[in-house]
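Peer 1: here is a sequence together with a model predicted from it:
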Amino acid sequence: MVGERIFPKCQTTKFAVSGMKKRSSKRPPRPKTEYGLQLLEKQKARLSYGVTERQFVNYVKKAQSLRGNPVSNLFHLLESRLDNTVFRMGIVHSRTFARQMVNHGHITVNGRKVRVPSYHVKEGDVIAVREGSRGNGILLGLEERVKSYTQPSWVAFDPSVLTGKVTGTPTLGMGELSINFGTIIEFYSRV
């Protein structure tokens, strides 16, 4: 278990992935080692973004091979996934739901249907709900939801036309504040 809630507030407490296992003995829990803390951060990020271990390892390798800060690169790669961008625009209430919308072909990028949740979006890409999916019951009340949702500065979404645009690039500090990406890079550098 990761020790804290990693999914958005839509998740009920019945299905929360938050609690540590209850200890039956009366001993106090052992303090976590540095390795344990790094592993915990990696699992939080992996579960939060909904990627497999192999995908996550590939993201870390790519982040380390790109020029610049690997921590910022990893954050940028994860935030630039299409399913995460759909979630960040406020079209749906969770990354899991955004992934499902992309898989089912409800989302277009620059006018073309994309069914790959890990598709990398770039600045200037236009992301929209497909014409055939606009009458779908999933999108009922979207305008009211988007009004109460604060979008990150790197995306803009207009609920009246169900179209959004990537207006910038995600930078560290704009998103997952509870995840320490530096610890994750340290975890993979020791392997």
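Peer 2: Perfect, thanks for sending it. This one's a predicted model, so the numbers in the text were calculated from it and none came from an experiment.

Peer 1: ok, now which ones touch the residue most central in space within the chain?
Peer 2: By C-alpha atoms, centre = their mean, the chain has its centre lying nearest to Y49, at 3.8 Å. The contact partners of Y49, taken as C-beta atoms under 8 Å, 6 or more residues apart in numbering, are F56, L78, R81, N84, R95. In short, each C-beta sits where N, CA and C put it, glycine included.

Peer 1: I'd like to know how far the first one sits from K44.
Peer 2: Counting by C-beta to C-beta, to the nearest Å, the separation of F56 from K44 is 11 Å.

Peer 1: count of residues packed around the closest residue in space to Q64 that isn't next to it in sequence?
Peer 2: Excluding the flanking residues, the one nearest Q64 by C-beta to C-beta, 6 or more residues apart in numbering is P70, at 4.8 Å. P70: 21 surrounding residues under other C-beta atoms under 10 Å.

Peer 1: and P70, what does it touch?
Peer 2: V60, A63, Q64, I185.

Peer 1: before we move on, what about L66?
Peer 2: L66 makes contact with N73, according to C-beta under 8 Å, 6+ apart.

Peer 1: likewise H120?
Peer 2: By C-beta under 8 Å, 6+ apart, H120 lies in contact with L77, S80, R81, L82.

Peer 1: out of those, list just those in helices.
Peer 2: Of the positions in the contacts of H120, L77, L82 sit in helices, assigned by DSSP state H.

Peer 1: quick one: name whatever helix or strand follows the helix or strand of the chain with the lowest mean pLDDT.
Peer 2: Ranked by mean pLDDT, DSSP states H and E, the weakest helix or strand in the chain is helix 142-147, scoring a mean of 80. For helix 142-147, the succeeding helix or strand toward the C-terminus, using DSSP states H and E, is strand 155-158.

Peer 1: that next one pairs with which strands?
Peer 2: Using DSSP bridges, the strands paired with strand 155-158 in its sheet are strand 163-166 (antiparallel).

Peer 1: any buried residues in the strand it pairs with, and which?
Peer 2: Applying a neighbour-count criterion of 16 or more other C-beta atoms under 10 Å, one finds G164, K165, V166 buried in strand 163-166.

Peer 1: relative to S189, how far out is the second one?
Peer 2: Going from K165 to S189 by C-beta to C-beta gives 36 Å.

Peer 1: which residues touch the nearest residue to S118 once chain neighbours are set aside?
Peer 2: Nearest residue to S118, sequence neighbours excluded (C-beta to C-beta, 6+ apart): R81, at 5.4 Å. R81 makes contact with Y49, P117, S118, Y119, H120, V121 under the criterion C-beta under 8 Å, 6+ apart.
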